[in-house]
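Engineer: Quick one: sequence plus predicted model below, questions after.
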Amino acid sequence: MSHIEWRRDKRRILLPILILAPFPVTELIGVDAMALVDTGSSVSGVSAKLAEDLQLSRLGKRPLTSAQGEGQVERYAFRVGLRAERADNNPAFPFVFTEVIGIELTNAFAFNALLGMDILGQCDFSTMRNGECRLEFGQST
């Protein structure tokens, strides 16, 4: 199983991730993003700018209830990639999850992606009082 370890700040948990187009699935080049880790969100999301940069197709608006209230939000298909830590510091291919249908975020946040339970539910996630975080993902070896 692969993992990432990092430190969070006191107010929120941010994690660098990779956002990729949904196809071709063999394409591993994407856009680097800073994601808010949100265990209260059932879906992941990308900013309108990221969606534009990746030329993601709009899938239509759907109702969404969030901390900001209820509203209509655009949806996109995309993939999320994570770069595992390696002891030898050599470059490695990212671990890429299967395509998800996520929501559009406004471009006003300090982060440009949201990592929701559609991805987190496939991982083991822990955070400690001292700010240390760990995310395990992929297959056990």
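Structural biologist: Cool, the structure landed. Numbering: from 1, shown residues only.

Engineer: Spatially nearest residue to the residue nearest to the spatial centre of the chain, not counting backbone neighbours?
Structural biologist: Centroid check for the chain by CA atoms, centre = their mean gives residue 115 as the closest residue, at 3.8 Å. Nearest residue to residue 115, sequence neighbours excluded (CB to CB, 6 or more residues apart in numbering): residue 35, at 4.3 Å. All C-beta spots, glycine's among them, are computed from the backbone N, C-alpha and C.

Engineer: what bridges to that neighbour?
Structural biologist: Here residue 35 sits in beta bridges with residue 15, residue 113, going by DSSP bridges.

Engineer: I'd guessed it sits against residue 14; true?
Structural biologist: Yes: with contact defined as CB atoms under 8 Å, residue 35 reaches residue 14; the gap is 6.8 Å.

Engineer: quick one: which of these two has more around it?
Structural biologist: Set residue 35 next to residue 14 and count neighbours by other CB atoms under 10 Å: residue 35 wins out with 24 against 18.

Engineer: Next one: the more buried one, what pLDDT does it get?
Structural biologist: We have a pLDDT of 97 for residue 35.

Engineer: quick one: contacts for the nearest residue to residue 23 once chain neighbours are set aside?
Structural biologist: Spatial nearest neighbour of residue 23, excluding adjacent residues (CB to CB, 6+ apart): residue 99 at 7.8 Å. Counting by CB atoms under 8 Å, 6 or more residues apart in numbering, residue 99 makes contact with 22-23, 77-79.

Engineer: again, only using 6 Å
Structural biologist: The contact partners of residue 99, taken as CB atoms under 6 Å, 6 or more residues apart in numbering, are 22, 77, 79.
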